[in-house]
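Engineer: Below is the structure, and that's it, no one-letter string:
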DNA sequence: CTGAAAGCGCTTACAG
DNA sequence: CTGAAAGCGCTTACAG
């Protein structure tokens, strides 16, 4: 028996199962959904289950949601890769899928990251998901109104609250705090925090800077932001200036490992020694840190103690509480050479 | 008027639109779906469209697919991150979403990467998508049978064909060819190709090795595989042996930039000079290459000339052709220091 | 304990 | 040119 022969003409329906089991479709539905189990004898349940198995029956979710009047689907939109490039966020997103499934919801990611605004909202609304979760910056007044009009809950996610939707606030100021703590501990008193040029990375950068600033203020150190794009020329410019003694700090927090790593190369090229002339700390503790020479000291992030599924479900079930909507990443220093 | 006030009790249905426009639901459906447009006067069409706009009407896709008997949804499953870590693949996946939308299909990614086997197939089958696209290794005989039983087309994707489903074959042997070409050109005659330890990376590694082997054979050079896990200790062991003169090649193809980069650090630590003592080429041309000192020469990949949407749509529309299912990445050398 | 039947919101031959 | 109606595959009060 090959696959072609075993394939039925059309997928089995609940009526097929009912006929084969010799019961009504209502009974099939009850058994398969675990309702009224007390009232249905074991024998009937067994008959129904084995008929369903024999036919390879899988209930069609579109018919189910049409009759139930709701779906158990949560839609996640990643936007143009900004969020996936943000590694701690990407990890939490994968966790969200599993957590939602455990809570009885399905989770799908929009497969077209380029879709935005009202057209995006229309595509999502057509599916009538329980909720749409997206980068807080993705929502506009019009798109949210369209979603609400279709009975869809909209939830934002990001570093800054959206004026249009409840937002799960992701706080990584702890990375800045841990970095500054380490640098001050080492004896640095004149710090620089690198700030990326890509607009998408400004929000996390500002949060991390704020954290570092807090610690610096408390410990009597100075700290200032220096903008550096992820281009060799940009890094080289900064390194040359510092090598010439122009505004050279004694400790640098590199925003993330890529920015820190790029600066590290440029500092080496410019003849500065790390950590002899100045100390350098990255963030996110990527594998990259082990590849560089000297190896890059970095602030690692652990998983959030509680995932983002909590606030998302709260929004879906209309018990949103802004006090439980800020999630802070635990940070710890991973000391290497720099 | 705030959002709460403007939100209707329940989402508008096609009946609401019909009533407001003073026509039947059939007419609304025709106008909104662009059918029989020749037969429907402009005036009616305008009435219908403005009623729909006024009510914020978005057709519910579950009702539509129930009555049409099919969905226009393609489901993509990423598996446990293996595929997303494979950068060229991740890029093509984003492109797939946009291409499918242009062809009139929606595209969703499964939000729970940990789901596998028959349970995964059940979850997908419930949605009755036109097709499920997943890593070829994800499909088992049982899961494919279940999908087919529900009328769902299954399409694999990967470096090796699945015995159960038509597979879009991704070929990156061109990376190995470009790397070997470069090394031989430089005068190397005794090559090593690094092979990763992670099982998920074996298939691309073998394809790249095959490509390098072809060129080596044609140009009279020797080449052998050397397995190296992405751990500092592993790389250090290899570097020490080579520094002691034990089996040191004159050219190394590093599989990808991470493996090449890790070896580069270890070679430096062991006192070997790159490219003085041996040349080194990475692959994928990641930003990382610019961070290392010396900077890493790498083979870059361009986008596929034609995306994976083509074969996927062919499978959906039952015109699958194995001769058009192998996609090869264009490769070009990006020369830097090593 | 079980079944007949209404209803969810669409689409689409079909009749007029 | 337009509408009444059947039908898609489920769920669920309701009656027996």
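Structural biologist: Yes, it's here. This structure is a prediction, so every number in the text was calculated from the model and none was measured.
Engineer: Spit out the contact partners of the residue of the stretch 151-300 of chain A found nearest DNA strand D.
Structural biologist: Residue nearest to DNA strand D within the stretch 151-300 of chain A: residue A:151 (16.5 Å; Cβ to the nearest atom of the strand). The way it works is simple: take the backbone N, C-alpha and C, and place the C-beta from them, glycine included. Residues in contact with residue A:151, defined by Cβ atoms under 8 Å, 6 or more residues apart in numbering or on different chains, are A:128, B:10-11.
Engineer: Would you mind checking the residues you listed for buried ones?
Structural biologist: Using 16 or more other Cβ atoms under 10 Å in any protein chain shown as the burial test, the contacts of residue A:151 include A:128, B:11 as buried.
Engineer: Just give me the closest of the contacts of residue A:151 to DNA strand D.
Structural biologist: For these, the residue nearest DNA strand D by Cβ to the nearest atom of the strand is residue A:128; the value is 13.5 Å.
Engineer: In this model residue B:62 seems to touch the closest one, though I could be wrong.
Structural biologist: Yes: counting by Cβ atoms under 8 Å, residue B:62 is a contact partner of residue A:128 at 6.8 Å.
Engineer: Show me whatever sits in contact with both of those two.
Structural biologist: Residues touching both residue A:128 and residue B:62 (Cβ under 8 Å, 6+ apart): A:65, A:71.
Engineer: Apart from its neighbours in sequence, what residue is nearest residue A:236?
Structural biologist: Excluding the flanking residues, the one nearest residue A:236 by Cβ to Cβ, 6 or more residues apart in numbering or on different chains is residue A:266, at 4.8 Å.
Engineer: cool, residue A:206 as well?
Structural biologist: That would be residue A:159: by Cβ to Cβ, 6+ apart, it lies 7.4 Å from residue A:206.
Engineer: Neighbours of the one you found, how many?
Structural biologist: Other residues near residue A:159 come to 21 when the count uses other Cβ atoms under 10 Å in any protein chain shown.
Engineer: residue contacts, the closest residue to residue A:31 other than its chain neighbours?
Structural biologist: Spatial nearest neighbour of residue A:31, chain neighbours left out: residue A:48 (4.3 Å); criterion: Cβ to Cβ, 6+ apart. Taking Cβ under 8 Å, 6+ apart, we find residue A:48 in contact with A:17, A:21, A:23, A:27-28, A:31-32.
Engineer: and the next element down the chain from the helix or strand hosting residue A:48?
Structural biologist: Element membership of residue A:48, judged by DSSP states H and E, is helix A:42-55. Going down the chain from helix A:42-55, the next helix or strand is helix A:61-68, by DSSP H and E.
Engineer: Compute the number of surrounding residues for residue A:113.
Structural biologist: With neighbours defined by other Cβ under 10 Å, the count for residue A:113 comes to 21.
Engineer: Assign a three-state SS to it, would you?
Structural biologist: Under the three-state scheme (DSSP: H, G, I helix; E, B strand; the rest coil), residue A:113 adopts coil.
Engineer: The residue nearest to residue A:206 contacts residue A:205, doesn't it?
Structural biologist: No: between residue A:159 and residue A:205 there is no contact under Cβ under 8 Å: 9.3 Å.
Engineer: residues from chain A in reach of DNA strand D?
Structural biologist: For chain A, the residues in contact with DNA strand D (Cβ under 7 Å from any atom of the strand) are A:10-11, A:13-15, A:25-26, A:29-30, A:32-33, A:35, A:57, A:59-60, A:63-64, A:66-68.
Engineer: among those residues, which are within reach of chain B?
Structural biologist: If you filter those for contact with chain B, counting by Cβ under 8 Å from any Cβ of the partner chain, you are left with A:10-11, A:59-60, A:63, A:66.
Engineer: min pLDDT across these, which one?
Structural biologist: Taking pLDDT as the measure, those have their low point at residue A:10 (85).
Engineer: Look up the pLDDT of whichever residue of the stretch 51-200 of chain A sits closest to DNA strand C for me, please.
Structural biologist: With Cβ to the nearest atom of the strand, the shortest gap between the stretch 51-200 of chain A and DNA strand C falls at residue A:67, namely 3.3 Å. pLDDT, residue A:67: 93.
Engineer: all helices of the stretch 1-150 of chain A, in order?
Structural biologist: Using DSSP state H, counting those that start in this stretch, the helices found in the stretch 1-150 of chain A span residues A:3-6, A:14-21, A:25-33, A:42-55, A:61-68, A:82-85, A:87-102, A:117-126, A:141-149.
Engineer: Just tell me which of these ends up closest to residue A:182.
Structural biologist: Minimum separation from residue A:182 across those (Cβ to Cβ) falls at helix A:87-102, 18.9 Å.
Engineer: What are the contacting residues of that closest one?
Structural biologist: For helix A:87-102, contacts defined as Cβ under 8 Å, 6+ apart pick out A:74, A:76, A:78, A:83-84, A:106-107, A:109, A:133, A:157, A:170, A:172, A:284, A:286, A:301, A:303-304, A:307-309, A:312-313, A:329, B:81, B:110-115.
Engineer: any idea of the mean pLDDT for it?
Structural biologist: 85.
Engineer: buried stuff in it?
Structural biologist: A:88-89, A:92-101.
Engineer: closest to chain B among those residues?
Structural biologist: Nearest to chain B among those, counting by Cβ to the nearest Cβ, is residue A:97 at 3.6 Å.
Engineer: partners of the nearest residue to residue A:249 once chain neighbours are set aside in the sheet?
Structural biologist: Counting by Cβ to Cβ, 6+ apart, residue A:249 lies nearest to residue A:192, which is 4.2 Å off, once chain neighbours are set aside. Beta-bridge pairing for residue A:192 (DSSP bridges): residue A:224, residue A:252.
Engineer: Quick check: pLDDT value at residue A:42.
Structural biologist: Here, the pLDDT recorded for residue A:42 equals 88.
Engineer: List buried members of the contacts of helix A:87-102 by neighbour count.
Structural biologist: Among those, the ones that count as buried by 16+ other Cβ under 10 Å are A:74, A:76, A:78, A:83-84, A:106-107, A:109, A:133, A:157, A:170, A:172, A:284, A:286, A:301, A:304, A:307-309, A:312-313, A:329, B:110-113, B:115.
Engineer: could you dump the buried residues of helix A:87-102 to CSV with distance to residue B:291?
Structural biologist: Formatted as CSV, the buried residues of helix A:87-102 follow (distance: Cβ to Cβ, whole Å):
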residue, distance to residue B:291
A:88, 20
A:89, 22
A:92, 26
A:93, 26
A:94, 27
A:95, 29
A:96, 31
A:97, 32
A:98, 33
A:99, 35
A:100, 37
A:101, 38
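Engineer: what's the farthest-apart pair in the residues you listed?
Structural biologist: A:88 and A:101 (21.4 Å).
Engineer: which of the residues in stretch A:39-59 are buried?
Structural biologist: Buried, per 16+ other Cβ under 10 Å, within stretch A:39-59: A:44-45, A:47-49, A:51-52, A:55-59.
Engineer: Give me the distance from that stretch to the chain's centre.
Structural biologist: Average the C-alpha atoms of stretch A:39-59, do the same for its chain, and the two points are 40 Å apart (Cα atoms, centre = their mean, to the nearest Å).
Engineer: With DNA strand C in mind, check whether that stretch reaches it.
Structural biologist: Yes: for stretch A:39-59, a contact with DNA strand C is found by Cβ under 7 Å from any atom of the strand, at A:39-41, A:44.
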